[in-house]
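# From the sequence below, what's the structure:
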Amino acid sequence: MFVFGAQVDNEGDLVLYLNGTDLEGNPLTVENLQTAQVTVGSEPVYNISHPDLDILAVNDGDNFLSLSLLTDYSNSTNDELDDIAVLYDQLLDNLPLVYEAKVITFSSTYDLKLDWTEAFDNLSAIKTAVTLIHEPRDRTALFDSMGFALEGDLLVDGDGLVERCRPAHMLVVFTDGEENESSVYTDKNILTSIINDDRTTVIMLGTSTADSAELLSLAGDRGAVVQVDNAASLVNEVANWSQSLQNMVKLTLKASTGFASETVSITIGTQTTTVVDPSQLLCTQQ
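The predicted model follows:
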């Protein structure tokens, strides 16, 4: 169970976007998620029948996610890149149309394939951007490419993922090699610090030729690593997680519950996740 994004809205209510899988890895349904019990600090439990708590399926009007897709083609065959395009298609199809996306590819340098585009307006353009095959292949500027995805062109306001004014930020990275070319972001700890400070979710997808320790570090505190033998296996490994995204819910906790500066805990069955100090989550950028 994962709090995908969180914000305090203009009415002072806490809004959380929640999805997940059960302990066997099966996607949680909307009905499963609506059984959530919520506590604020040490206060009594709120559930869906309480007037101060709503749990509804995410709909197309809930534009809450900024998504960056970053693909390493430095050591990849065309077949491997086809497999990653299939994986991205699954992700894009399962997500409710509540996201804007940016698509970047890289080898020795990064290449912006598609700037911020609303899925609701032009999902086909996003899908086209992730299917492109690249030549020539060269070295691997993983750190610089992630830095560009996160912070964008430092001379352009709002260009980077962490600058986007939405409750949830997610960076999905595929790589099948080790960093060996970056010149700007030369320390992975700098990237990890940016990721953790912004509450960005980073999903690192790697094959057996990638550096496992590097992937774990770059995922940050909230992220995840999926590493298997080859790109085709990645498609199967992330299928359940990807499917769980279509069942995402919007959980709204009224300001009257006094959640500010408290820990909010959400429990479904034996799983519990928490949001600490949610009053700091209001997005103030335009």
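# mind listing the strands in the stretch 1-150 of the chain by residue range?
2-8, 14-19, 37-40, 53-57, 65-72, 99-106, 110-118 (DSSP state E, counting those that start in this stretch).
# Pull the number of nearby residues for the closest residue to residue 32 other than its chain neighbours.
Leaving aside its chain neighbours, residue 32 sits nearest to residue 268 (6.5 Å; criterion: Cβ to Cβ, 6 or more residues apart in numbering). Placement of C-beta: from N, CA and C, glycine included. By other Cβ atoms under 10 Å, the residues close to residue 268 number 18.
# for the one 4 residues further on, same thing?
Number of residues near residue 272 (other Cβ under 10 Å) recorded here: 13.
# mind checking how far the residue nearest to it when sequence neighbours are not counted is from residue 98?
In space, and not counting its chain neighbours, residue 272 is closest to residue 265: 5.7 Å by Cβ to Cβ, 6+ apart. To residue 98, residue 265 is 25 Å away according to Cβ to Cβ, to the nearest Å.
# Could you list every helix and strand in contact with the helix or strand hosting residue 225?
Per DSSP states H and E, residue 225 falls inside strand 224-227. On a contact count with 3 or more Cβ pairs under 8 Å, 6 or more residues apart in numbering; DSSP states H and E, strand 224-227 meets strand 201-206, helix 212-219.
# so which of these gets nearest residue 90?
strand 201-206 (12.2 Å; Cβ to Cβ).
# quick one: the closest one to strand 2-8, angle?
150 degrees (axes from the mean of the first three to the mean of the last three Cα atoms, to 10 degrees).
# Now do strand 201-206: which elements does it pack against?
strand 168-175, helix 212-219, strand 224-227.
# all helices of the stretch 151-286 of the chain, in order?
For the stretch 151-286 of the chain, the helices defined by DSSP state H, counting those that start in this stretch occupy 188-198, 212-219, 231-237, 239-244.
# need those in TSV with distance to residue 21, mean pLDDT and mean neighbour count, can you?
Formatted as TSV, those follow (distance: least, Cβ to Cβ, whole Å; pLDDT from 0 to 100; neighbours: other Cβ atoms under 10 Å):
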stretch	distance to residue 21	mean pLDDT	mean neighbour count
helix 188-198	23	90	17
helix 212-219	18	96	17
helix 231-237	12	96	17
helix 239-244	5	95	18
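# Dump these into TSV; add distance to residue 68 as well.
Below are the helices of the stretch 151-286 of the chain laid out as TSV (distance: least, Cβ to Cβ, whole Å):
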stretch	distance to residue 68
helix 188-198	12
helix 212-219	13
helix 231-237	18
helix 239-244	16
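# That's all I had, so thanks and see you.
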